[in-house]
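> structure, please.
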Amino acid sequence: MKRLIILTMILGTMSTMAMADAKGGREGQLSFIPKISMGKDVGSGFTDDTFKGINADILYGVTKNFEMGVNIAWVPYGLDMKDTTGVKSYDDTLDTFGLMGVMRYSFNQLDLLTPYVSAKGGWVFGDAKVVSTSDEVEKIEGQWAAGVAAGLEYKNVNLEIGYQMTEFKESTNPGFQKGTTQEELVYVSLGYRFE
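Have a look, this model is predicted:
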């Protein structure tokens, strides 16, 4: 809950910073920025694999410096169940789909480089199932995600480093909730802006 409050404060601060002036700017402009991402879970150990995924920002320039929009994402997680005893079958991939609101503030342009910060938050969909030898079904479901990032834009190429927290719900058949798992991800992404 504390992290959600901190994220809300960051988003509020970014919206007040949007009144600053910049060279050029993107006020009234619609942009599409597809990205590829790689990262590592640094907190929960939810998966042993390196995170890989694709996502895209669809942004609208509210002011010269401030853009708002949506982020859509697809992430395949490799689940490692080899050492678990009593497993009859399991989905070895948890495919998640994210739909998040995103805000981005670009600082004054430095010649060809434009530094920026962004924040996003929203829902994550997707699930995987594990069936034990006693036919008990455990389900892992995506719940929500929130994150912050900083990056540089060179012409239309975006290089970004960020932190994202994603929460997953774990439950067993017939509907008993076991708890939640939070993934803490540090990632790097590379994208290109289409205007």
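> surely Val152 and Thr114 touch.
If you look again at residue 152, you'll see it is Leu, not Val. Yes: Leu152 lies in contact with Thr114 (CB atoms under 8 Å); the separation is 7.1 Å. No exception for glycine: its C-beta is placed from N, CA and C like everyone else's.
> these two: which is more packed in?
Thr114 (21 against 15; other CB atoms under 10 Å).
> for the more buried one, which residues make a bridge with it?
With DSSP bridges applied, Thr114 shows beta-bridge pairing to Glu153.
> how about it, what does it touch?
Contacts for Thr114 (CB atoms under 8 Å, 6 or more residues apart in numbering) come out as Ser106, Phe107, Leu152, Glu153.
> of the residues you listed, which is the most crowded?
Ser106 leads the contacts of Thr114 on contacts (other CB under 10 Å) with 24 neighbours.
> now do the residue nearest the centre of the chain, the pLDDT please.
Residue closest to the average C-alpha location in the chain (CA atoms, centre = their mean): Gln164, at 5.5 Å. Model confidence at Gln164, expressed as pLDDT, equals 93.
> who are the contact partners of it?
Neighbouring residues of Gln164 by CB under 8 Å, 6+ apart: Lys120, Ala145, Ala146, Gly147, Glu184, Leu185, Tyr187.
> report the two of those residues separated the most.
For the contacts of Gln164, with distances taken as CB to CB, the pair at the greatest spread is Lys120 and Glu184 (15.2 Å).
> and the two? Which one has more around it.
Ranked by neighbour count (other CB under 10 Å), Lys120 and Glu184 place Lys120 first, with 25 against 17.
> can you pull the contacts of the nearest residue to Gly43 once chain neighbours are set aside?
Nearest non-adjacent residue to Gly43, counting by CB to CB, 6 or more residues apart in numbering: Glu184, 2.9 Å away. Under the criterion of CB under 8 Å, 6+ apart, the neighbours of Glu184 are Asp41, Val42, Gly43, Ser44, Tyr163, Gln164, Met165.
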